[in-house]
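*Asks:* no sequence for this one, just the structure:
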């Protein structure tokens, strides 16, 4: 591994051609690698993991050398200057299980038809691909083996574009944080994902409702930070999520003490974040005394919480 080796040049990379048993290569942050400097990869036919994150000069042409890596399982292209033209090169990697194109802002999604051919893919990270058009994601509907989908910060994504999610019956993690077009209809498509363990819809400021959330009874991590629709009634619905271990509610300004009372039945909660929930008082902390698995609590920026409220926390008996 050679991450952030900013002085590595094409000449140095050529010396790797003889390492035919190499399985993992991490060149992340190697800023001296040029668009035509990856030809040496064709000699590394046994490579299974390749990280090229934050290599500023990686382009579509660079990836023409990647298509020969028939055994490749993991490919990280975060921040690369690639476009949809590069997608056919990736689409031929039939054994690929993990693909990250986070912050590849030149992608529009037109080439995702090639990604849909990756039948072994389990993890797909599209976060911060701000120019990906939502309608282009529909071609991914056949990827039933997908376990992790991260489409956070995809500004053009809307509820109507997410209907394909209901086909991902093996999905374990869905991340849609900061998707301004997500309004609540997405929950209808998630209802059948019985194995979903993680859901992130934080800072989806247009989110109008989260009905159906209570049906996701396998959830272990739920991030609702800065979702203005979350109120006490929503927290009452969360009582069905008995496996929940991590709950993030920072910035949910409509939550009151009575809402926190509903959380007292979630005995598996280990991590609870209630920062900047302006309506909460000391009474809210009294309701937490029954959370016997709690080991981390964030209550920053809550002006109505005093030392008296903190005193209630001393009554929490954490079981090992």
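*Replies:* Looks like it arrived, so ask away. Nothing here was measured: the structure is a model prediction, and the numbers come from that model.
*Asks:* what is the least confident helix or strand in this protein?
*Replies:* Ranked by mean pLDDT, DSSP states H and E, the helix or strand of the chain with the weakest confidence is helix 10-14, at a mean of 71.
*Asks:* who touches that one?
*Replies:* Residues outside helix 10-14 that contact it (Cβ atoms under 8 Å, 6 or more residues apart in numbering) are 32, 33, 34, 36, 37, 38, 40. C-beta coordinates here come from the backbone N, C-alpha and C atoms, glycine included.
*Asks:* distance check, the last one against residue 49.
*Replies:* For residue 40, the distance to residue 49 (Cβ to Cβ, to the nearest Å) stands at 16 Å.
*Asks:* again with the third one
*Replies:* In this view, residue 34 and residue 49 are 22 Å apart by Cβ to Cβ.
*Asks:* how about the helices of the stretch 151-300 of the chain, start to end?
*Replies:* Counting by DSSP state H, counting those that start in this stretch, the stretch 151-300 of the chain has helices at residues 186-190, 232-237, 257-262, 282-286.
*Asks:* can I get these in JSON lines with mean pLDDT?
*Replies:* Formatted as JSON lines, the helices of the stretch 151-300 of the chain follow (pLDDT from 0 to 100):
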{"stretch": "helix 186-190", "mean pLDDT": "85"}
{"stretch": "helix 232-237", "mean pLDDT": "93"}
{"stretch": "helix 257-262", "mean pLDDT": "94"}
{"stretch": "helix 282-286", "mean pLDDT": "92"}
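*Asks:* residue 136: which of those helices is closest?
*Replies:* The closest approach between residue 136 and any of these, judged by Cβ to Cβ, belongs to helix 186-190 at 17.0 Å.
*Asks:* residue ranges with poor pLDDT in this protein?
*Replies:* Residue ranges of the chain with pLDDT under 70: 1-10, 315-320.
*Asks:* do a quick rundown of the strands in it.
*Replies:* 24-26, 49-51, 74-76, 98-100, 123-125, 148-150, 173-175, 198-200, 221-223, 246-248, 271-273, 296-298 (DSSP state E).
*Asks:* got CSV for those strands, with distance to residue 231 and mean neighbour count too?
*Replies:* What follows is the strands of the chain, written out as CSV (distance: least, Cβ to Cβ, whole Å; neighbours: other Cβ atoms under 10 Å):
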stretch, distance to residue 231, mean neighbour count
strand 24-26, 45, 16
strand 49-51, 43, 20
strand 74-76, 39, 20
strand 98-100, 36, 20
strand 123-125, 32, 20
strand 148-150, 27, 20
strand 173-175, 23, 21
strand 198-200, 18, 20
strand 221-223, 15, 20
strand 246-248, 15, 20
strand 271-273, 17, 19
strand 296-298, 20, 14
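*Asks:* can I get those strands in JSON lines with distance to residue 232?
*Replies:* Listed next are the strands of the chain as JSON lines, based on distance: least, Cβ to Cβ, whole Å:
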{"stretch": "strand 24-26", "distance to residue 232": "47"}
{"stretch": "strand 49-51", "distance to residue 232": "45"}
{"stretch": "strand 74-76", "distance to residue 232": "42"}
{"stretch": "strand 98-100", "distance to residue 232": "38"}
{"stretch": "strand 123-125", "distance to residue 232": "34"}
{"stretch": "strand 148-150", "distance to residue 232": "30"}
{"stretch": "strand 173-175", "distance to residue 232": "25"}
{"stretch": "strand 198-200", "distance to residue 232": "20"}
{"stretch": "strand 221-223", "distance to residue 232": "16"}
{"stretch": "strand 246-248", "distance to residue 232": "15"}
{"stretch": "strand 271-273", "distance to residue 232": "16"}
{"stretch": "strand 296-298", "distance to residue 232": "19"}
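*Asks:* residue 281 is nearest to which of the ones you listed?
*Replies:* When those are compared by Cβ to Cβ, strand 296-298 sits nearest residue 281, at 15.4 Å.
*Asks:* how long is stretch 222-235 end to end?
*Replies:* Stretch 222-235 has an end-to-end distance of 12 Å (criterion: Cα to Cα, to the nearest Å).
*Asks:* mind listing what's buried along that stretch?
*Replies:* For stretch 222-235, a neighbour-count test (16 or more other Cβ atoms under 10 Å) marks 222, 223, 224, 225, 226, 227, 229, 230, 231, 232, 234, 235 as buried.
*Asks:* off-centre distance for that stretch?
*Replies:* 19 Å (Cα atoms, centre = their mean, to the nearest Å).
*Asks:* check stretch 173-184 too.
*Replies:* With Cα atoms, centre = their mean as the basis, stretch 173-184 stands 10 Å off its chain's centre.
*Asks:* excluding its backbone neighbours, what's nearest residue 20?
*Replies:* Leaving aside its sequence neighbours, residue 20 sits nearest to residue 46 (Cβ to Cβ, 6 or more residues apart in numbering; 6.3 Å).
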